[in-house]
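[1] coordinates for the following, if possible.
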Amino acid sequence: MADLNETHDPDLDSWVESANDDDCCFPIQNLPYAMYRPEGEAEYRAGVAIGRHILDLRKLAELHPFSGLAQQALDACRGSSLNELMSLDHEHWSALRLALSRALRRGSSLQQALQPLLSTRATAQFTLPAQIGDYTDFYISKYHATTVGSLFRPDNPLLPNYKWLPIGYHGRASSINVSGADFARPAGQVRPAPGSDTPSYSPSQRLDYELELGVFIGCGNALGQRIPIDEAESHVFGLCILNDWSARDIQAWEYQPLGPFLAKSFASTISPWVVTLEALAPFRTAFRRDESDPQPLAYLSSEHNTLNGAFDIQLEVALSTRKSRAARHDPHVLARSNLKYAYWNIAQLVAHHTVNGCNLRPGDLLGTGTLSGPDAGQEGCLLEMTRGGKQCVALPWGEDRSFLEDYDRVIMRAYCQKEGHTSIGFGDCSATVLPAI
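    Numbers count the residues shown, from 1 in each chain. Model (predicted):
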């Protein structure tokens, strides 16, 4: 786990003036990574966000401005994805972060060399930050699991295993796309209508979003090698926002006995920016488990993880529609939640995923599952918010929704705030639902 160091100093300023604005998502204390293409250029390359700009790491590596581990890590940013950088270790990632922080600070001797390597973030195009070989989606919010469970099993919403192990399923990596990539409404089989024994085939009428975070694996583990709980976070490169879209009507028909399949595999959307665990160090918090609940088994528990294993990351999901955009209404915030409400934490997901000897690889993605909170207004999906579609959500421009309609756009954001520290953000994760093909 990364400790606080000079890169987290709230008094640091950058010579990139927009990074010093009060409402900046990407101050010098953040420095998230993405794969981007500057306006007018053909190739995607690795970049670091600083204020309203992006620093080109491929061109920076050609200047050979650093030494030792920092330069080795920078050289790993020359390719067409972040996988090579992710495959290194925490020492390399931390060395590069420190070198970039010093190079971008006000008064840096490298300012003149770095200035031509900046481009405007607003005009950039993005692609996936890494080649995602495998994708596992978990189910770590007890509040989400309880609410959804109560819709189908009012007397027994949580199954017995939920409080003992992180529930997950193997998702579809090929249909993960980056923010801004719209997708067509999925179609599939839905359960038979009352009085019929035959399912029907149609576009999904109960399309939903899921407010999640994604966890990018860094250095992996060999097949057969478990990752202990206190080493788990050293295998995590960083976090992004994740929207794991769900077709609830398709899901209701197919999910027993083997779980999600076509209801999930049609699209998942992630934010382009990956915020490193080191950047999140100021926002760590204790990982608390209710005393009435069973405590985690030994391989999922340690004193260190209990004291610092959770993160205070605030989340929000907003909606705009074709009608609202035509009338120039701002997107309507539907809910706000926080990662700290989760029943399982990031280190536990990695430890559990590998306890059977499963090998994780650089660029693999773990989803947290829907991150709902305990109170009204903290629901991470429409299924919860509308009680299975029975209660419509009223929108301020006169429409309502029980599930998503064509041309609805879902926008997710995440950010961290704490007194005495500089606030940082993850940017946006958004996509629009297009009509079924």
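[2] surely Asn83 touches Leu365?
    No - counting by C-beta atoms under 8 Å, no contact exists between Asn83 and Leu365, whose distance comes to 11.8 Å. (Each C-beta comes from the backbone N, C-alpha and C, glycine too.)
[3] show me which of those two is the more surrounded one.
    Using other C-beta atoms under 10 Å, the more surrounded residue of Asn83 and Leu365 is Leu365, with 24 against 21.
[4] what's the domain layout of the protein?
    As recorded under automatic domain parsing, the domains making up the chain are 14-127, 135-434.
[5] that older thread, can you work out which residues contact both of Asn83 and Leu365?
    The contact sets of Asn83 and Leu365 overlap at Ala130 (C-beta atoms under 8 Å, 6 or more residues apart in numbering).
[6] output the domains of the chain in JSON lines; the columns should cover distance to His8.
    JSON lines is the format used below for those (distance: least, C-beta to C-beta, whole Å):
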{"stretch": "domain 14-127", "distance to His8": "6"}
{"stretch": "domain 135-434", "distance to His8": "5"}
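[7] now render these as CSV, adding mean pLDDT.
    Below are the domains of the chain laid out as CSV (pLDDT from 0 to 100):
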stretch, mean pLDDT
domain 14-127, 97
domain 135-434, 96
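[8] confirm Val48 sits in a helix?
    No - per DSSP: H, G, I helix; E, B strand; the rest coil, Val48 lies outside any helix segment and is strand.
[9] give me the neighbour count for it.
    Neighbour tally, Val48, other C-beta under 10 Å: 22.
[10] tell me who's in contact with it.
    With contacts defined as C-beta under 8 Å, 6+ apart, the neighbours of Val48 are Leu31, Pro32, Tyr33, Ile54, Leu55, Leu57, Leu100.
[11] between those, which is closest to Val355?
    Tyr33 (29.0 Å; C-beta to C-beta).
[12] ok, residues contacting the strand or helix carrying Trp93?
    Secondary structure assignment for Trp93, by DSSP states H and E: helix 90-104. Here helix 90-104 makes contact (C-beta under 8 Å, 6+ apart) with 2, 5-7, 12, 14-16, 19, 28, 31, 48, 50, 55, 65-66, 68-74, 76, 85, 108, 110, 114, 218, 234, 237, 276, 278-279.
[13] make it 6 Å
    The contact list for helix 90-104 (C-beta atoms under 6 Å, 6 or more residues apart in numbering) reads 7, 14, 28, 31, 50, 66, 69-70, 73-74, 110, 234, 278.
[14] sec struct for the nearest residue to Gln295 once chain neighbours are set aside, please.
    Of all residues not flanking Gln295 in the chain, Arg289 sits nearest, at 6.1 Å (C-beta to C-beta, 6 or more residues apart in numbering). Following three-state DSSP, Arg289 is assigned to coil.
[15] before we move on, back to that, among the contacts of Val48, who's most crowded?
    Highest neighbour count within the contacts of Val48: Tyr33, with 28 neighbours (other C-beta under 10 Å).
[16] ok, now which ones touch the nearest residue to that residue once chain neighbours are set aside?
    Of all residues not flanking Tyr33 in the chain, Val274 sits nearest, at 5.0 Å (C-beta to C-beta, 6+ apart). Counting by C-beta under 6 Å, 6+ apart, Val274 makes contact with Pro32, Tyr33, Pro129, Phe216, Gly238, Cys240.
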